[in-house]
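J.: Just a sequence and a predicted model for now, questions to come.
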Amino acid sequence: MESIDLLKILAAVLALAVAIIGHEIMHGLVAYAYGDTTAKNAGRLSTNPLVHVDLIGTIIVPATMYFLPMLMGGESGFLFGWAKPVPINTATVINRAGYNGAMQVDLAGIVYNFTLAALASIVIVMMHQPTINDSLVYIFAYIFVLKLLVINVVLGVFNLLPIPQFDGAHFLMHLSLKYRLNSVAEFFYKSERYGIIVVLIVLMTPLKDYLLIMPVQTILQLLL
C-alpha cells in the first residue's frame, strides 16, 4: 500500500508539472507567434520546471490542497496550482493582432489544458484498471494519465473563472477593450492586486463546490 501511495504522489506531482508548465509556455508561444519575444528572451519558453516555479502556486497551494484532507483523516484532496506567469508584452501583441490576438494569448493555456485532458481521456478509456498482476510501471502510467485528466480539467475550469490575475479576467478585460467598455476593463485591471485573496476565498469556502468541483465533475463525466 505504501508503494502505491508513493506512486500516486509522484504521478500527481508530475501531472501537475506537465499541466501548469505547459499552460504557461502556451501563453508565451502564442504571444511569440504575434511578434512578442519577451518570454523567449527571458528564457521562459523552456520546459525546465525550475524557471516556472511559483512559491505559492506551485508548492504551498498544491501541497495544502492535497495533504490537508489526509491530515484531517480523510482521503487526499484534489491537486491544484499554478506556475509563475510567463512575461508577455501585451502591447506588442495588440499592435500586431489587435485585441483578438490578445484574447488568443489569454485562452492559450486553457485550450492546452482541455486538449491535454481530452487526449488523456482517450488513453485512459483504452487502458484497463490496474490489478495486483500488473507491474508498478503500468500502475504508475495509469495513475499518471488519470491525474493528468483530472488536473487539466481543474486548471481549465479554474482559469475560465473571471478571477483577477488569471486568464478568464484577462480575456474579459481585452474583450471589454475591444468593444470600448473601458470601465469594465478598468475594473479588472484595478482588481488584479486582490487576485490571490479571491483565489483563497474560492478554495476555502463552499464557493469551491459550485464554481470548481461541480463543473469539473460534469466535464469529467462527458469525457469519460
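T.: Nice, thanks for sending it over.

J.: drop to CA atoms for contacts and neighbour counts, all remaining ones
T.: OK.

J.: list the helices and strands the helix or strand where residue 172 lies packs on?
T.: According to DSSP states H and E, residue 172 maps onto helix 167-178. Judged by 3 or more C-alpha pairs under 8 Å, 6 or more residues apart in numbering; DSSP states H and E, the packing partners of helix 167-178 are helix 90-126, helix 136-160, helix 182-191.

J.: ok, 6 Å please
T.: Other helices and strands packing on helix 167-178, by 3 or more C-alpha pairs under 6 Å, 6 or more residues apart in numbering; DSSP states H and E, are helix 90-126, helix 136-160.

J.: closest one to residue 80 among the ones you listed?
T.: helix 136-160 (6.7 Å; C-alpha to C-alpha).

J.: Might you list the low-confidence residue ranges for this structure?
T.: 1-2, 70-78 (pLDDT under 70).

J.: Three-state assignment for the residue with the largest distance to the centre of it, please.
T.: Most distant residue from the mean C-alpha position of the chain: residue 133, 34.2 Å away (C-alpha atoms, centre = their mean). Secondary structure, DSSP: H, G, I helix; E, B strand; the rest coil: residue 133 is coil.

J.: Next, give phi and psi for it.
T.: phi -90, psi -10 (degrees, to the nearest 10).

J.: just to revisit the earlier point, looking at the helices and strands packed on helix 167-178, which one is packed in the most?
T.: helix 136-160 (a mean of 22; mean count of other C-alpha atoms under 10 Å).

J.: Can you give the contact residues for it?
T.: Applying C-alpha atoms under 6 Å, 6 or more residues apart in numbering, the contact partners of helix 136-160 are 7, 11-12, 15, 19, 110, 113, 117, 120, 130, 166-168, 216.

J.: Now do it against helix 90-126, angle only.
T.: Here the directions of helix 136-160 and helix 90-126 differ by 140 degrees (axes from the mean of the first three to the mean of the last three C-alpha atoms, to 10 degrees).

J.: what about helix 136-160, distance to the chain center?
T.: Distance of helix 136-160 from the chain centroid (C-alpha atoms, centre = their mean, to the nearest Å) equals 11 Å.

J.: can you check stretch 129-140 too?
T.: 28 Å.

J.: and if you look at stretch 211-224?
T.: 15 Å.

J.: Report the buried residues of it.
T.: For stretch 211-224, a neighbour-count test (16 or more other C-alpha atoms under 10 Å) marks 212-213, 215-216, 219-220, 223 as buried.

J.: again with stretch 13-24
T.: 13, 15-24.

J.: Looking at these, which are in helices?
T.: 13, 15-24 (DSSP state H).

J.: Next, find the distance separating the residue positioned nearest the centre of the chain from residue 21.
T.: Residue closest to the average C-alpha location in the chain (C-alpha atoms, centre = their mean): residue 155, at 3.3 Å. Applying C-alpha to C-alpha, to the nearest Å, the value for residue 155 to residue 21 is 12 Å.

J.: same check, this time on residue 149
T.: Counting by C-alpha to C-alpha - residue 149 and residue 21 are separated by 15 Å.

J.: mind putting the helices and strands packed on helix 167-178 in a markdown table, distance to residue 176 included?
T.: Converted to a markdown table, the helices and strands packed on helix 167-178 look like this (distance: least, C-alpha to C-alpha, whole Å):
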| stretch | distance to residue 176 |
| --- | --- |
| helix 90-126 | 9 |
| helix 136-160 | 16 |
